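Visitor: Task: produce atomic coordinates for the following.
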Amino acid sequence: MIPAKIAFLTGFPGFLAMRMIRRLLADPRYAQVLMLVDELQARELEELIASLPLEDGARIVPFYGKEGCMDLGLAGSEVQRLTEEVTSFWHLSAADWPDMEAALEAQPLVEGVRELLAIAREARRLERLCYFSSAFVSGRRQGVILEEELEMGQRFRSPCEEVRYRAELEVAQAVEELPITIFRPTIVVGDSRTGELDRLGVTCSVVDSLVHGLREATSLPGGGEWPLHLVPVDFVIEAAFTIAHLPEGARRTFHLADPNPLPTRRVVELVTHQLQRRGQSRSLTARLARTLGELPWMQGRAVGPRNLLEYFDQPVYYRTANLLAILNNMPLRCPPFEDYAEVLVEHVRSAREERSQAPRQQTRPGWDPMPRHRLPTK
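Guide: The predicted structure follows:
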């Protein structure tokens, strides 16, 4: 009898982490999904478990701790359990890094990576450590970016990019001793089938700006000629999950990206078509930036509208040779934006209408009443 697999996951309750939890639970080979959970996230954990079938909810085991602390803030007995039972580690904190101000201070992301690597080195049943970084560790580089490239003397748009880069450096240095797979998604947008997206992250800000910022925008950054690197979340999760279970996926880096990204102008045209608008988009977006700055999930974030708009104007192409080679004999492919633009736009429009119709809540300063994610019902 083949021993059951046990996963340990960080990044909860981030968008990609939530999706990966469900993907792991959908695989009967996984007896349990152990999760690093901050005590402040107890409500989100309860909501997640309540949204799952009883048998799946029972397979979730929370480990209450904190990234950046020694041993991830876990007790000695909990660390021992990880080293004795876990077959795969899934580190998704860098993929859904929510607190840009924290990146400027203690930088717990880098410390969390070091602590996780230390635990993984002692894991007796370790089959794979999956690390989710970002394609934008390339910073301000231009031209073709290879999956094997990391330290290229690049500069960065934001402290968040630099922290992700430093964290990936820690992981890259451990590749020879551990079966690590590094995933670098580009701009993750909604599900290509349902449109579901992260309602608080940069993901939603990009999509919402395309859908609603166009009403006042008179221009596109850089004229809209360069590719806009969008990738649907369902492809990111399925591709990563598939590669993580292939022997040839170990000790390699993969850009999880659309191999044929559309120019920003074409993306705008498709969105505009879905909104049934006419006319041409012509040049820069002071109004679009102002629109973005007014979005509730952007207020107070270090990655402000100015940085966000730079992703609409970057003369860069992320090569996906490793990704395409390993998926060559499989039906799994990144769907083109044309195939899911309609469902994505409709989801954003519906979400905004729901927010506009919801009664206004009295809130304390710095508290956002919007949920981080939507949980489907059973």
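Visitor: hey, where'd the strands end up in the stretch 101-250 of the chain?
Guide: Here the stretch 101-250 of the chain has its strands, by DSSP state E, counting those that start in this stretch, at 128-132, 143-145, 180-185, 187-189, 230-232.
Visitor: Tell me who's in contact with residue 85.
Guide: Neighbouring residues of residue 85 by C-beta atoms under 8 Å, 6 or more residues apart in numbering: 6, 125. Where you see a C-beta, it was placed from the backbone N, CA and C, and this is true even at glycine.
Visitor: What's the separation between it and residue 69?
Guide: Residue 85 sits 21 Å away from residue 69, going by C-beta to C-beta, to the nearest Å.
Visitor: what number of residues lie near residue 353?
Guide: Residue 353 has 10 neighbouring residues, counting by other C-beta atoms under 10 Å.
Visitor: State whether it is indeed within a helix.
Guide: Yes. If the criterion is DSSP: H, G, I helix; E, B strand; the rest coil, then residue 353 is within a helix.
Visitor: how far does stretch 252-265 stretch from start to finish?
Guide: End-to-end distance of stretch 252-265 (C-alpha to C-alpha, to the nearest Å): 33 Å.
Visitor: nope, stretch 8-21 is what I meant
Guide: 10 Å.
Visitor: May I have the beta-bridge partners of residue 62?
Guide: Beta-bridge partners for residue 62, by DSSP bridges, are residue 35.
Visitor: Tell me if I'm right that it and residue 46 touch.
Guide: No. Judged on C-beta atoms under 8 Å, residue 62 makes no contact with residue 46 at a distance of 10.2 Å.
Visitor: Bridged to the nearest residue to residue 240 once chain neighbours are set aside, which residues?
Guide: Among residues not flanking residue 240 along the chain, residue 183 sits closest, at 5.0 Å (C-beta to C-beta, 6 or more residues apart in numbering). Under DSSP bridges, the beta-bridge partners of residue 183 are residue 132, residue 254.
Visitor: roughly how far apart are residue 183 and residue 246?
Guide: In terms of C-beta to C-beta, residue 183 sits 13 Å off from residue 246.
Visitor: Settle it for me: which of the two has more neighbours?
Guide: When neighbours are counted by other C-beta under 10 Å, residue 183 and residue 246 differ, and residue 183 comes out ahead with 28 against 14.
Visitor: Wait, the more buried one touches residue 249, no?
Guide: No. Residue 183 is beyond contact range of residue 249, at 9.7 Å (criterion: C-beta under 8 Å).
Visitor: Mind listing the shared neighbours of those two?
Guide: residue 243.
Visitor: residue ranges for the helices of the protein, please.
Guide: Ranges of helices in the chain, per DSSP state H, are 15-25, 42-51, 54-57, 76-85, 100-104, 108-121, 159-172, 202-212, 233-244, 264-274, 286-293, 305-310, 321-326, 337-357.
Visitor: which one is residue 191 nearest to, not counting chain neighbours?
Guide: Closest to residue 191 by C-beta to C-beta, 6+ apart is residue 234, at 4.8 Å.
Visitor: now swap in residue 39 and tell me
Guide: Using C-beta to C-beta, 6+ apart, the closest residue to residue 39 is residue 64 (5.5 Å).
Visitor: and the one you found, how far is that from residue 41?
Guide: Distance from residue 64 to residue 41, counting by C-beta to C-beta: 9 Å.
Visitor: Give me the phi and psi for residue 229.
Guide: When read as degrees, to the nearest 10, the backbone of residue 229 gives phi -90, psi 80.
Visitor: I'd assumed residue 185 was in contact with residue 231.
Guide: Yes. At 5.9 Å, residue 231 counts as touching residue 185 under the criterion of C-beta under 8 Å.
Visitor: Next, show the common contact partners of these two.
Guide: In contact with both residue 231 and residue 185: 256-257, using C-beta under 8 Å, 6+ apart.
Visitor: Could you list the low-confidence segments of the stretch 1-150 of the chain?
Guide: By pLDDT under 70, the low-scoring segments of the stretch 1-150 of the chain are 1-2, 95-107.
Visitor: try it again with 90
Guide: 1-3, 14-15, 67-68, 93-109 (pLDDT under 90).
Visitor: ok, back up a step: number of nearby residues for the residue nearest to residue 191?
Guide: 19.
Visitor: cool, and residue 248?
Guide: Neighbours of residue 248 using other C-beta under 10 Å come to 10.
Visitor: Please apply the same query to the one 10 residues further on.
Guide: Here the count is done by other C-beta under 10 Å, and residue 258 has 23 residues near it.
Visitor: Excluding residues flanking it in the chain, which one is nearest residue 123?
Guide: In space, and not counting its chain neighbours, residue 123 is closest to residue 83: 5.1 Å by C-beta to C-beta, 6+ apart.
Visitor: Return the residues in contact with the one you found.
Guide: 119, 122-124.
Visitor: By neighbour count, which of those residues wins?
Guide: Neighbour max across the contacts of residue 83 (other C-beta under 10 Å) = residue 119, 21 neighbours.
Visitor: Spatially, what comes nearest to that residue if we skip its sequence neighbours?
Guide: residue 82 (5.5 Å).
Visitor: how near is the one you found to residue 18?
Guide: According to C-beta to C-beta, residue 82 and residue 18 sit 21 Å apart.
Visitor: more crowded one of the two?
Guide: The residue with more neighbours, out of residue 82 and residue 18, is residue 18; 25 against 22, by other C-beta under 10 Å.
Visitor: can I assume the more buried one is in contact with residue 12?
Guide: Yes. The criterion here is C-beta under 8 Å, and residue 18 meets it with residue 12 at 7.2 Å.
Visitor: which neighbours do those two share?
Guide: Listed contacts common to residue 18 and residue 12 are residue 48; contacts here mean C-beta under 8 Å, 6+ apart.
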